[in-house]
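S.K.: Have a look at this prediction, sequence included:
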Amino acid sequence: MKEKVGYAVVGLGVGVNHADAAAKSARADLVAVCDLIQEKLDKAAEKYPGVLTYLDFDEMLKNPDIDVVSICVPSGMHADLAVRALEAGKHVLVEKPIDITVDAAMRIEEARVRTGMKAGVIHQNRNNADMAPILDAVRSGRIGDLYYGDFEVKWFRTQEYYDNGGWRGTWEMDGGGSLMNQAVHTVDLMQWIMGDVKSVTSKMNIYNHKISTEDFTASIVEFKSGAIATFVSTTCAYPGLNTGIKIYGTKGSIEANGDTLEMWKIEGAPEDEEEKMLADYSGNSAAAALDPTLCTGHASMVEDMIAAVLDDRDPQILPLEAIKSVRIVNAVYESARTGKPVIFD
């Protein structure tokens, strides 16, 4: 049995976070990185002594020392590169969203089953410290029956952010704007907490950027349980405000801003419980709202993928689970375009 995983990363934008995590892991060796821009490869070679650099992805896949590849290219390319890696005998960890359509994402699932290799997907906000107690309060019934949720991603991005690289804010490669790129993590948390979706009714618009996709969405989401949620995403909220996660049950109410609890009211709870919970779960919730380079949490998922390979188990988030958020996002866009609700099976 191998003691270490040979790790590679393709795409040195957000992929730098993956490379950092692999380089620091006690159970992995960062073997290679791949990008189309030589300057990025040169910086990586300086940062990670001994790492191999590739301009050609298929050439990198021929390296027998590579066991896992992180797929960190533009979203609309995820399925293509992930399938090629799986068919080359490499496990894959795919950045969010898994791809921009359900059909494309299903190609990764089909390749995973066909090849027997492992495929995981990045949704690191599930590992925010406050998610464990929130999910436990819901699933244990402590807050009673969920009837309403309020989710909002009020972030800010400059025009320069969209212009950099040329793929952000395009339907072809980004698959959407504020919702698909920035808010998909919170869409994932919404369905994880609230359950299966029944219908989506939405509006969208472009208010403050020269892009082809939206920079604002507002939706009403109905769940099969009968609960209702509102969901807002925007990259126009100067200077970058909050990631609101608010859930209300018949016996309690919980409000959080990203990884920071802001309210914890549960019927019958000890008097000091809220004070203790708010003190224990106070994180750095504003970082990603202000600056995309401050997004954190990838290390936990890279480490999980490494452990999945070495311990021969599934990674934390499988393709079929990650597809749920992509389906919801695309339903929002369809409803906004048609002016009609989208009903789920």
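M.R.: In hand now; what should we look at?
S.K.: what's the domain layout of the protein?
M.R.: Annotated domains of the chain cover 5-121+297-317, 126-292 [automatic domain parsing].
S.K.: Save these as JSON lines, and put in mean neighbour count too.
M.R.: Every residue, glycine included, has its C-beta placed from N, CA and C. Formatted as JSON lines, the domains of the chain follow (neighbours: other C-beta atoms under 10 Å):
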{"stretch": "domain 5-121+297-317", "mean neighbour count": "20"}
{"stretch": "domain 126-292", "mean neighbour count": "19"}
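S.K.: If I look at Thr235, what pLDDT would I see?
M.R.: As predicted, Thr235 sits at a pLDDT of 98.
S.K.: where's it relative to Gln182, distance?
M.R.: As judged by C-beta to C-beta, to the nearest Å, Thr235 and Gln182 stand 6 Å apart.
S.K.: Mind listing the shared neighbours of the two?
M.R.: Trp155, Arg157 (C-beta atoms under 8 Å, 6 or more residues apart in numbering).
S.K.: sorry, back to before: how about the domains of the chain in TSV, adding distance to Gly339?
M.R.: Converted to TSV, the domains of the chain look like this (distance: least, C-beta to C-beta, whole Å):
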stretch	distance to Gly339
domain 5-121+297-317	21
domain 126-292	9
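S.K.: of those, which approaches Pro341 most closely?
M.R.: Of all those, it is domain 126-292 that lies closest to Pro341, at 4.4 Å by C-beta to C-beta.
S.K.: The closest one: how far from the chain's middle?
M.R.: Remark: domain 126-292 is offset 12 Å from the chain centroid, using C-alpha atoms, centre = their mean, to the nearest Å.
S.K.: Same check on stretch 332-343?
M.R.: For stretch 332-343, the distance to the chain centre is 23 Å (C-alpha atoms, centre = their mean).
S.K.: how long is that stretch from one end to the other?
M.R.: Stretch 332-343 has its terminal residues 11 Å apart, counting by C-alpha to C-alpha, to the nearest Å.
S.K.: That one - what's its average pLDDT?
M.R.: Stretch 332-343 comes out at a mean pLDDT of 98.
S.K.: Quick one: residues in contact with that stretch.
M.R.: So stretch 332-343 is contacted by 176, 179, 198-204, 214, 217, 219, 231, 331 (C-beta under 8 Å, 6+ apart).
S.K.: ok, which stretches of this protein are strands?
M.R.: 5-10, 28-34, 52-54, 68-71, 91-94, 119-121, 146-154, 197-205, 216-223, 228-234, 243-249, 252-257, 260-266, 342-343 (DSSP state E).
S.K.: Show the secondary-structure elements that the third one is packed against.
M.R.: Packed against strand 52-54 by the contact rule (3 or more C-beta pairs under 8 Å, 6 or more residues apart in numbering; DSSP states H and E) you find strand 28-34, helix 38-47.
S.K.: Go through these and name the closest to Leu278.
M.R.: strand 28-34 (36.2 Å).
S.K.: For this protein, which helix or strand comes out least confident on mean pLDDT?
M.R.: helix 287-290 (a mean of 54; mean pLDDT, DSSP states H and E).
S.K.: if I look at the spatially most distant residue from the centre of the chain, how far off is Lys265?
M.R.: Centroid-distance maximum for the chain: Glu271 at 35.7 Å, with C-alpha atoms, centre = their mean. As defined by C-beta to C-beta, Glu271 lies at a distance of 12 Å from Lys265.
S.K.: what do you get for Ser75?
M.R.: In terms of C-beta to C-beta, Ser75 sits 38 Å off from Lys265.
S.K.: Over to Arg126?
M.R.: Arg126 is 24 Å from Lys265, by C-beta to C-beta.
S.K.: What of Arg327?
M.R.: On the measure of C-beta to C-beta, Arg327 and Lys265 end up 32 Å apart.
S.K.: Over to Ala19?
M.R.: 42 Å.
S.K.: got it, and His209?
M.R.: 38 Å.
S.K.: now swap in Gly166 and tell me
M.R.: 47 Å.
S.K.: Ala22 too?
M.R.: Applying C-beta to C-beta, the value for Ala22 to Lys265 is 41 Å.
S.K.: same check, this time on Pro315
M.R.: From Pro315 to Lys265 the distance is 35 Å (C-beta to C-beta).
S.K.: One more: Gly165?
M.R.: Counting by C-beta to C-beta, the gap from Gly165 to Lys265 is 44 Å.
S.K.: Next: Gly339.
M.R.: From Gly339 to Lys265 the distance is 38 Å (C-beta to C-beta).
S.K.: what do you get for Glu110?
M.R.: Distance from Glu110 to Lys265, by C-beta to C-beta: 45 Å.
S.K.: Could you do Leu189 as well?
M.R.: Separation of Leu189 from Lys265 (C-beta to C-beta) stands at 20 Å.
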